[in-house]
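[1] here is my input; please provide its structure:
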Amino acid sequence: MAVHIGAPRPAAGAVELLLECHARIRHFSGLALKLAEARELPAAEVAEVAAAVRRYFAEALPLHAADEEESMMPRLRGRDPAVEGALAVMRREHASHAAVVDRVVALCAEIARDPARLAGAAAQLREAARDLEGHFAAHLALEEEVIFPALKRALDPASEARMVAEMRSRRGGA
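    So this is what the prediction gives:
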């Protein structure tokens, strides 16, 4: 078993930062489903988990989409027809995620305000969380298998440093 002391080392490269975002998308999608299937959790924990899921999808996910559309896409445009097609699919899918993300956000906001609502909203949240996982499964795979490798090949060290700075700037320099 590996033992880690101290805070994890932040990702240094653009692709690594994007992959960390993908891990968080998977984590919070799974957390929404776990919340929907939870039984007999303390109200405070229900509220905390629902608030975290709501916050991630309402606040952090749009930053990730901006990273891809504003920082990544311009660096990849016009380089390769296959990548160009994947970028077009990615952009369409970003727009199509909105409805299902909004459902999860609204349900989690409601549950965070009143944890007792989980019992009545569990089936809706389960359906929305499954839809969310379904929407993101192919989307993330396309980016990881086609777009991110192309980005890695396209970035020289200076361009990558600028992209990382742009991404961190969206998050207030964090």
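
[2] now the helices for the chain?
    Secondary structure of the chain, counting by DSSP state H: helices at 14-37, 43-55, 61-66, 73-76, 81-113, 118-142, 148-154, 157-170.

[3] would a markdown table of those helices with mean pLDDT and mean neighbour count be doable?
    Yep, even glycine has a C-beta here, placed from its N, CA and C like the rest. As requested, those are arranged in a markdown table below (pLDDT from 0 to 100; neighbours: other C-beta atoms under 10 Å):
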| stretch | mean pLDDT | mean neighbour count |
| --- | --- | --- |
| helix 14-37 | 97 | 18 |
| helix 43-55 | 97 | 18 |
| helix 61-66 | 96 | 16 |
| helix 73-76 | 95 | 16 |
| helix 81-113 | 95 | 17 |
| helix 118-142 | 96 | 17 |
| helix 148-154 | 96 | 17 |
| helix 157-170 | 95 | 15 |
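
[4] surely residue 64 meets residue 20?
    No. With contacts counted by C-beta atoms under 8 Å, residue 64 stays clear of residue 20, the gap being 9.6 Å.

[5] how close does the residue lying closest to residue 110 once chain neighbours are set aside get to residue 150?
    Residue nearest to residue 110 in three dimensions, not counting chain neighbours: residue 117, with 5.5 Å by C-beta to C-beta, 6 or more residues apart in numbering. If you measure residue 117 against residue 150 using C-beta to C-beta, to the nearest Å, the figure is 44 Å.
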